[in-house]
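**Student:** predicted model follows, preceded by the sequence.
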Amino acid sequence: MPATRRSRPSRWNALPALVRNAPPRVLLVIGAVVVALGVLIVSRPLTSLVLLGIYIGASAVVMGIVELVGRPASWWARSVSAAWIVAGLAVLIWLGRSLELLPPVLAVLLVIGGLASIGRAVSRGGASARILSLSWGVAQIAFGVLSFTWPDVTVLVLAVVFGVRTIVFGLGVLARGVAGIRRPHVRKTPFDAQRALRRRRIRAGWAAAGRYALSLVLVATAAGGWWLNDWLDAGAPVVDAFYDPPAQVPSGHGRLIRSDAYLGRLPENGAVTRMLYTTRDAANRPAVASALVIVPTDLPPGPRPVIVWNHGTTGVAQGCAPSLRDASATKWSIPALEQALKAGWVVVASDFSGQGAPGAYPYLIGAGEARSSLDAVLAASELRTDLTLSPDTVVWGHSQGGHAALWTTAIAKDYAPGIDVLGTAVVAPVADPPALARELLSGPPNAMLSVITSWVLVPYSETYADVHLDDYIAEGSRSIVLEMTQRCPSEPGVVVSVLTALGVSEDRPLYNADLTDGALGRRLAENAMTAPLGTPMLVAWGADDEVIPPQLQRDYVQELCAEGQPVRWATYAGYDHLRPILPKSRFLPVLYSWTKNLIEGRDQVVDGCGLR
């Protein structure tokens, strides 16, 4: 290869060319600084986000200029060089406006860098160098595209890619500096020249082998990334066309829009229909929601009592609707379901607005949850000509659904006066969201808590104009927090959220303000429901609940008792958060008999306040 061609700096070795003739001690200093910079970018992606942006933006501009004006180039090389300059300037300009725009621009830089590497593979170099350039180019493009698919991990991916590359470059500069200091300045003989030539050939052979090995690693990594992406996509729920509301819907709330067969598993003694209906969301705006209606297979004559089931947390994304899941109409999801169907009761289970049907999801926002539940009952009365619903209704709920159940009973008389709520049974309810937030945030931070916090914070910021997301999250983390709300705990993609939270938590917390303070704290307090409901209540929880501290349930029951609310309560030793509602739970016979006595008007113990 002619010397003039060897001396031309490529896009990726322009910086080494600038320091090629620097003194060894200067190389040591530069190498140490560059290695430290790379370590900072890899280990502190959020803290060093501005630094990462400046470094990459400036590097992109310099590389583009060096290639564009430093030597004659083809139209392809000039186009890529111009793209580098434009993208680098975009990074530097947007840094002062919004860090949220930085990750997608950096992902574009990955794609541009990949195209440049492919161009070099076509234009010059030995076989091993060409293969490595091609592999590196394909890998960069793959990672750039995947960064758009999983935007919350873009910062982490880019930190690793650019940070590791910076560390490798720095180590190379350090090695050259050390070699320069240790190299003896002696006169070389012809024998020395021959020995040096043999060493260069050996090193060249090893270098070629290393390039081939690295190429295999890059190709395997890119292929693994695409396979993982396909696997995660395959596990994500699919919202079918049934949930798309028509342009015109019936006026008023609680009106049936359409119904269809449920696509999941059926209970032994019931038929299941999914329906779309009108409601009002947490901000009291017209909305659409979906629900399951489970009717006994052997439907007795006459009006049927109604059980309103409020589900626990399934996520906050549209695809997290229980009616999209396979087992949501079985005894594994709804406690005492088979007994209820044998008794001739109809079970109505809302997804809540914003799940299944599009809209804002009212996570722990009481009025929004309750309106969805009550309107589901009203709409179910229009479902079948042979089905008549009795006004007699008992409300059940678990966890988040316990919160929804309390609010359903609280507003039923005013919002849906035709529904007569006889009583409310709640299992591990979130009765006091601010108290739960204080309790959870008092412990050590963890990845799952970061995900759950996003499920509360984002819906509240979308519902209440005075709750601003940026007041509570770390700078540059908006895309991470928002993407956490787009995955359901039942899908494999939630692993991405957890791993992202783990990776970022090694840098700094995602949330930089007290979530129980300010506008969010006030709105959480507004959505507490600790006041007496005026009708019989049944409260149960597991003594080993790992999600909601049992002490909060004890405090809640004591507060109800102090205010004169008739409440029957039970705590179950050895039970965790979910166990009380699962088949063979010791609570299920209590729930069924308590509900049956309410519906049939029989005398029973409804007040356990004197028990300890």
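**Tutor:** Okay, I see it.
**Student:** okay, CA-based contacts and neighbour counts for the rest of this
**Tutor:** OK.
**Student:** contact partners for residue 173?
**Tutor:** Residue 173 makes contact with 16, 27-28, 30-31, according to Cα atoms under 8 Å, 6 or more residues apart in numbering.
**Student:** can you rerun that using 7 Å?
**Tutor:** 27-28, 31 (Cα atoms under 7 Å, 6 or more residues apart in numbering).
**Student:** please identify the helix or strand for it.
**Tutor:** helix 154-182 (DSSP states H and E).
**Student:** columns pLDDT and secondary structure on top of the contacts of residue 173, output as TSV?
**Tutor:** Output for those, formatted as TSV (pLDDT from 0 to 100; DSSP: H, G, I helix; E, B strand; the rest coil):
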residue	pLDDT	secondary structure
27	79	helix
28	83	helix
31	81	helix
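**Student:** next structured bit after the helix holding residue 173?
**Tutor:** helix 190-235.
**Student:** now that next one, how far from the centre of its chain.
**Tutor:** 35 Å (Cα atoms, centre = their mean, to the nearest Å).
**Student:** and that helix, what other elements does it pack with?
**Tutor:** helix 127-149 (3 or more Cα pairs under 7 Å, 6 or more residues apart in numbering; DSSP states H and E).
**Student:** quick one: residues contacting the residue nearest to residue 172 when sequence neighbours are not counted.
**Tutor:** Counting by Cα to Cα, 6 or more residues apart in numbering, residue 172 lies nearest to residue 31, which is 7.4 Å off, once chain neighbours are set aside. Residue 31 makes contacts with 170-171, 173-174, as judged by Cα under 7 Å, 6+ apart.
**Student:** just the pLDDT at the residue nearest the centre of the chain, thanks.
**Tutor:** When Cα atoms, centre = their mean is applied to the chain, the residue found nearest the centroid is residue 484 (1.8 Å). Predicted confidence (pLDDT) for residue 484: 88.
**Student:** kindly report the same for residue 129.
**Tutor:** 83.
**Student:** run a quick neighbour tally on it.
**Tutor:** When neighbours are defined as other Cα atoms under 10 Å, residue 129 has 18 of them.
**Student:** what of residue 479?
**Tutor:** Neighbours of residue 479 (other Cα under 10 Å): 18.
**Student:** what does it show for phi and psi?
**Tutor:** With angles defined as degrees, to the nearest 10, residue 479 sits at phi -60, psi -40.
**Student:** check residue 407 too.
**Tutor:** Taking degrees, to the nearest 10 as the convention, residue 407 sits at phi -70, psi -30.
**Student:** thought residue 365 was touching it, still the case?
**Tutor:** No - here residue 407 does not reach residue 365: they are 9.1 Å apart, not a contact under Cα atoms under 7 Å.
**Student:** still on that earlier bit, export the contacts of residue 173 to JSON lines and tack on distance to residue 53?
**Tutor:** Below are those laid out as JSON lines (distance: Cα to Cα, whole Å):
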{"residue": "27", "distance to residue 53": "24"}
{"residue": "28", "distance to residue 53": "25"}
{"residue": "31", "distance to residue 53": "20"}
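**Student:** what's the closest of those residues to residue 411?
**Tutor:** Ranked by distance to residue 411 (Cα to Cα), those are led by residue 31 at 67.3 Å.
**Student:** quick one: residue 571 is in a helix?
**Tutor:** No - membership of residue 571 in a helix is not supported by DSSP: H, G, I helix; E, B strand; the rest coil, which gives strand.
**Student:** and it, what does it touch?
**Tutor:** Taking Cα under 7 Å, 6+ apart as the definition, contacts of residue 571 comprise 540-543.
**Student:** quick one: contacts for the closest residue to residue 243 other than its chain neighbours?
**Tutor:** Nearest non-adjacent residue to residue 243, counting by Cα to Cα, 6+ apart: residue 357, 4.8 Å away. When contacts are counted by Cα under 7 Å, 6+ apart, residue 357 is found next to 243-244, 288-290, 318.
**Student:** pull out the buried members of the residues you listed.
**Tutor:** The neighbour-count test (16 or more other Cα atoms under 10 Å) applied to the contacts of residue 357 identifies 243, 288-290, 318 as buried.
**Student:** now, which of those sits nearest residue 215?
**Tutor:** Nearest to residue 215 among these, with distances taken as Cα to Cα, is residue 318, at 40.7 Å.
**Student:** could you measure from that closest one over to residue 277?
**Tutor:** 16 Å (Cα to Cα, to the nearest Å).
**Student:** ok, residue 490 next?
**Tutor:** 25 Å.
**Student:** strands of the stretch 251-400 of the chain, start to end?
**Tutor:** Along the stretch 251-400 of the chain, the stretches classed as strands by DSSP state E, counting those that start in this stretch are 256-261, 270-280, 286-296, 304-310, 346-350, 389-398.
**Student:** direction included, what does the third one pair against?
**Tutor:** When pairs are called by DSSP bridges, strand 286-296 turns out to pair with strand 270-280 (antiparallel), strand 346-350 (antiparallel).
**Student:** show me what contacts the residue nearest to the centre of the chain?
**Tutor:** With Cα under 7 Å, 6+ apart, residue 484 has these contacts: 451, 454, 497.
**Student:** hmm, residue 282 is touching residue 371, no?
**Tutor:** No - between residue 282 and residue 371 there is no contact under Cα under 7 Å: 8.1 Å.
**Student:** comparing these two, which residue is more hemmed in?
**Tutor:** A direct count of neighbours by other Cα under 10 Å for residue 282 and residue 371 places residue 371 higher, at 29 against 24.
**Student:** so what's the nearest residue to residue 382 once chain neighbours are set aside up against?
**Tutor:** Spatial nearest neighbour of residue 382, chain neighbours left out: residue 256 (6.4 Å); criterion: Cα to Cα, 6+ apart. Going by Cα under 7 Å, 6+ apart, residue 256 touches 276-278, 379, 382.
**Student:** same question, residue 112
**Tutor:** 80, 84.
**Student:** relative to residue 433, how far out is it?
**Tutor:** 47 Å.
**Student:** likewise residue 493?
**Tutor:** 27 Å.
**Student:** and what of residue 225?
**Tutor:** 39 Å.
**Student:** do residue 378 as well
**Tutor:** 28 Å.
**Student:** then residue 448?
**Tutor:** For residue 448 relative to residue 433 (Cα to Cα), the value is 17 Å.
**Student:** rewinding a little: of residue 490 and residue 277, who's got more company?
**Tutor:** residue 277 (28 against 14).
**Student:** report the contact partners of the more buried one.
**Tutor:** 254-257, 288-290, 379.
**Student:** please name the spatially closest residue to residue 418 (chain neighbours excluded).
**Tutor:** residue 391 (6.3 Å).
**Student:** that neighbour touches residue 416, doesn't it?
**Tutor:** No - using Cα under 7 Å, residue 391 is not in contact with residue 416, being 10.4 Å away.
**Student:** ok, the contacts of residue 173 vs residue 399, which is closest?
**Tutor:** Among these, and counting by Cα to Cα, the member closest to residue 399 is residue 31, at 54.9 Å.
**Student:** and which of the contacts of residue 357 is nearest to residue 598?
**Tutor:** residue 290 (27.9 Å).
**Student:** can you name the residues bridging to that closest one?
**Tutor:** Bridge pairing for residue 290 - DSSP bridges - gives residue 276.
**Student:** circling back to that earlier point, between the contacts of residue 31, which is closest to residue 306?
**Tutor:** Among the contacts of residue 31, and counting by Cα to Cα, the member closest to residue 306 is residue 170, at 69.8 Å.
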